[in-house]
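> next one to model:
(2 chains)
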Amino acid sequence: MSMEWPTAGVNQVGEYLVSGRPFAKSGLSYNNGWTDPLDKYDDVTAGDFIDFPFITKRVIVTNTGANSISISFASLNLEDAATVGDSAVKVSKNYFVLAQNDSFDMHVKIKRLFIAGKGGAGSGVNIRAELTHINDPYDLTQSAQNAADNGLGGLSGIAESVKAT
Amino acid sequence: MSMNWPKPGINSVGEYQVSGRPFLKYSNTFPRGWASATTLYDDITNIGFIDFPFITQKVIITNKDSNNRSIRISFASLNLPDDTTPTNSAVKVSKNYIEVAVNTTLELNVKIKRLFLSGVAGTVDNIHIRAELTHINDQYDLTQAAQEAADLGNGGLSGIADDVEPT
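I've put the predicted structure just below:
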């Protein structure tokens, strides 16, 4: 019989009820992912994302830089179902834009957040998070691709219309 | 015996206690639903709504319309007929809506599957929608529920569509 405690899963309610393990990163910079309004952008290779060590309870992003930034929960490099070379996230508008001094505050469970400059490189990006201790990949980019491959199009509100592989 | 876990229902408490599955739709356009302050408007045919893939925990609407127009949101269709004057909208007559002025944000911790949105003085654009979702897959159709309440002699659903004409 195993003597180990089971590890917490992504829907372990208690992990979201206790106060979060803190997470802070300030003054981050990101490349311009929007030189074209529709084209895919390889934000994974460019490093234009932040990974959290555990699943988040809450994420707060503040943009103090001069240029706007975009935030999305799936990569801008997911291919749109209708037009080869276009980004599914961009075409379906599954992103949010923060102008200078705007903040974004949501109680969402994520492991990776994609951030890119819009209209130029992003700078002065401050990220705070309240974390669970849940260690799960919770890869929404892969989930959207899997949904497309299973004939479901993608994930509504994350990457809606992804080309199947 | 089935080995599947039961799916969460609309009142599964844990689904509202864990942090939400994210949902983002930026820069949406919606039609003008308020050319008349009282008459019916077919917001279903004209796509004056947004559907969520799961029941929401929370919705956040930001109005950045380029023409500085307000929007009005409701939880039932503007096309539900009013009980007193059936060519009028029950939602409009009973004022079961919320107005969101330009450059303002509305946050609501509510469970819904569909939200109706339309412009007051004209078509609106740059309407940004965020949501924190459960994984509950349920119709939770408040327009239909209001109609059924009226058909059962209960008038409608208070705060959603108060006074609907029975079919």
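> please list the residues of chain B that sit near chain A.
B:14, B:17-28, B:51-53, B:57-58, B:60, B:128, B:130-133, B:135 (C-beta under 8 Å from any C-beta of the partner chain). Any C-beta I mention is one placed from the backbone N, CA and C, and that applies to glycine too.
> swap the cut-off to 10 Å and go again
B:8, B:13-28, B:50-54, B:57-58, B:60, B:62, B:64, B:107, B:109, B:128-133, B:135 (C-beta under 10 Å from any C-beta of the partner chain).
> among those residues, which ones are in strands?
Among these, DSSP state E puts B:21-28, B:50-51, B:57-58, B:60, B:62, B:107, B:128-133 in strands.
> mark which of these are buried, thanks.
B:21-26, B:28, B:50, B:57-58, B:60, B:62, B:128-133 (16 or more other C-beta atoms under 10 Å in any protein chain shown).
> poorly predicted segments of chain A, please.
A:1-3 (pLDDT under 70).
> residue of it closest to chain B, please.
Nearest to chain B, among the residues of chain A, is residue A:157, at 3.1 Å (C-beta to the nearest C-beta).
> what's the closest non-adjacent residue to that residue?
residue B:23 (3.1 Å; C-beta to C-beta, 6 or more residues apart in numbering or on different chains).
> pLDDT wise, what is the residue nearest the centre of chain B at?
Nearest to the geometric centre of chain B sits residue B:115, at 2.4 Å (C-alpha atoms, centre = their mean). The model reports residue B:115 with a pLDDT of 98.
> hey, what's it bridged with?
residue B:50 (DSSP bridges).
> in contact with it, which residues?
Listed by C-beta atoms under 10 Å, 6 or more residues apart in numbering or on different chains, the contact set of residue B:115 reads B:48-52, B:56, B:59, B:61, B:73-75, B:108, B:129, B:131, B:142.
> mind giving me the packing neighbours of the longest helix seen in chain A?
Ranked by residue count and defined by DSSP state H, the top helix of chain A is helix A:140-149. Where contact means 3 or more C-beta pairs under 10 Å, 6 or more residues apart in numbering or on different chains; DSSP states H and E, helix A:140-149 is packed against helix A:88-91, strand A:112-118, strand B:21-30.
> I'd say residue A:150 and residue A:164 touch.
Yes. Between residue A:150 and residue A:164 a contact is recorded at 8.4 Å, counting by C-beta atoms under 10 Å.
> with neighbour numbers in mind, choose between these two.
A direct count of neighbours by other C-beta atoms under 10 Å in any protein chain shown for residue A:150 and residue A:164 places residue A:164 higher, at 15 against 9.
> the more buried one and residue A:147, how far apart?
Distance, residue A:164 to residue A:147, using C-beta to C-beta, to the nearest Å: 9 Å.
> and for the two, which residues touch both?
Joint contacts of residue A:164 and residue A:147 (C-beta under 10 Å, 6+ apart) are A:153, A:154.
> for chain A, what is the nearest residue in chain B?
Here chain B gets closest to chain A at one residue, residue B:23, 3.1 Å apart by C-beta to the nearest C-beta.
> is stretch A:43-59 positioned near chain B?
Yes. Counting by C-beta under 10 Å from any C-beta, contacts between stretch A:43-59 and chain B involve A:55, A:56, A:57, A:58, A:59.
> relative to residue A:14, which of those is nearest.
Top of the list for closeness to residue A:14, among the residues of stretch A:43-59 next to chain B and by C-beta to C-beta, is residue A:57 at 11.6 Å.
> helix or strand for the closest one, which one?
strand A:56-63 (DSSP states H and E).
> so what strands line up beside that strand?
Here, using DSSP bridges, strand A:56-63 pairs with strand A:103-106 (antiparallel), strand A:122-131 (antiparallel).
> what angle sits between the helix or strand following that strand and strand B:21-30?
Sequence order places strand A:68-72 as the next helix or strand after strand A:56-63, per DSSP H and E. For strand A:68-72 against strand B:21-30, the angle by axes from the mean of the first three to the mean of the last three C-alpha atoms, to 10 degrees is 120 degrees.
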